[in-house]
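**Student:** From the sequence below, what's the structure:
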Amino acid sequence: MELDFRKLHSAKLFDFSKGEEELIMEDSPYDKFKTDDENPLISPKICYYIMDRDEQFSFYLFIVSKKGTTAKGARTTSEYDSLQIWGLKILNENFGFISINKKKLADKIAGIFNSFNINFNQDSGFKDFYVLGSDPYKTLAFLTSNRKKAIKEIPDDDFSLTVKNDLLSFGLPKDLSVNNALITAAFLKEI
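**Tutor:** Model prediction:
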């Protein structure tokens with residue numbers, strides 16, 4: 001049975017004090033990942049630390065509250081807030097900055113992403129993705145064949161994957177659902 005998160009009032013669900021929020025986020029790498037220009041409309045509320053029984057892999061899942069805005073960008077009431085799920089994983093080396101997204105049909109037709117510094121047009125299995133990396137050698141070192149395979153197998157095209165040094169962020173910028181949580185967790189386990 002799928003939970004209908006739209007019927008939940010996010011202000012009541014996340015009615016934590018500042019001290020409680022700090023405890024919930026304690027020991028997570030979120031503060032290392034965020035920057036000063038973070039989107040003020042998205043704020044993490046709950047953090048789960050996930051580890052397998054054999055302690056072979058671990059990652060963090062965050063339930064975040066995305067504040068609603070009007071067409072002019074003004075903040076709406078909390079009635080229109082939505083919940084999303086995002087994940088962070090600590091990597092074993094520093095890869096600099098990397099951003100990977102799937103090309104949309106209009107992007108392919110216009111060819112607007114052909115000038116990025118990492119071009120995979122020769123790699124027929126990865127040409128549908130655009131990759132932006134601060135260091136091409138580190139970006140190519142990050143994109144091992146196993147990681148490329150995991151990225152290609154993401155069942156939702158609207159994902160967002162960002163690497164900042166040794167932290168990988170992955171999420172689906174969509175309303176929270178059990179399916180989105182499973183997709184996020186499965187990807188973070190695989191990558």
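**Student:** Could you break the protein into its assigned domains?
**Tutor:** As given by automatic domain parsing, the domain ranges for the chain are 1-90+171-191, 93-165.
**Student:** mean pLDDT for those: which is lowest?
**Tutor:** The stretch with the lowest mean pLDDT among the domains of the chain is domain 1-90+171-191, which comes in at a mean of 73.
**Student:** Contact partners for L188?
**Tutor:** The neighbourhood of L188, defined by Cβ atoms under 8 Å, 6 or more residues apart in numbering, consists of I50, F59, L61, G87, K89, L168, F170. For the C-beta atoms, the positions are set from N, CA and C on the backbone; glycine is no exception.
**Student:** Now the residue lying closest to N180 once chain neighbours are set aside. Its backbone dihedrals?
**Tutor:** Spatially, and ignoring its direct neighbours in sequence, N180 is nearest to L172 (4.9 Å; Cβ to Cβ, 6 or more residues apart in numbering). L172 adopts backbone torsions of phi -110, psi 120, taken as degrees, to the nearest 10.
**Student:** Equivalent analysis for I90, please.
**Tutor:** Summarising the backbone geometry of I90 under the convention degrees, to the nearest 10, its torsions are phi -80, psi 130.
**Student:** Would you mind writing the CA trace of whichever strand or helix holds K89 as CSV?
**Tutor:** Per DSSP states H and E, K89 falls inside strand 82-90. Below are the C-alpha coordinates for strand 82-90, written out as CSV (Å, rounded to 0.1, in the frame of the first residue of the first chain):
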residue,chain,number,x,y,z
SER,A,82,5.7,19.1,-0.4
LEU,A,83,8.1,16.4,0.8
GLN,A,84,10.9,15.0,-1.2
ILE,A,85,13.6,12.4,-0.5
TRP,A,86,17.3,12.9,-1.2
GLY,A,87,20.4,10.9,-0.4
LEU,A,88,24.0,11.5,0.4
LYS,A,89,26.8,9.0,0.2
ILE,A,90,30.4,9.5,1.3
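**Student:** Could you identify the helix or strand that succeeds that strand?
**Tutor:** Along the chain past strand 82-90, the next helix or strand (assigned with DSSP H and E) turns out to be strand 97-102.
**Student:** For that next one, which strands pair with it and how are they oriented?
**Tutor:** Each strand that strand 97-102 pairs with, and the sense of that pairing, follows from DSSP bridges: strand 129-133 (antiparallel), strand 160-164 (antiparallel).
**Student:** Look up how far N179 lies from A186.
**Tutor:** Taking Cβ to Cβ, to the nearest Å as the criterion, A186 is separated from N179 by 11 Å.
**Student:** Likewise for L140?
**Tutor:** As judged by Cβ to Cβ, L140 and N179 stand 32 Å apart.
**Student:** Same question for N94.
**Tutor:** Counting by Cβ to Cβ, the gap from N94 to N179 is 33 Å.
**Student:** And N92, by the same measure?
**Tutor:** Applying Cβ to Cβ, the value for N92 to N179 is 29 Å.
**Student:** Have a look at the two and say which one is more surrounded.
**Tutor:** N179 (13 against 6; other Cβ atoms under 10 Å).
**Student:** Kind regards, and thank you for your time.
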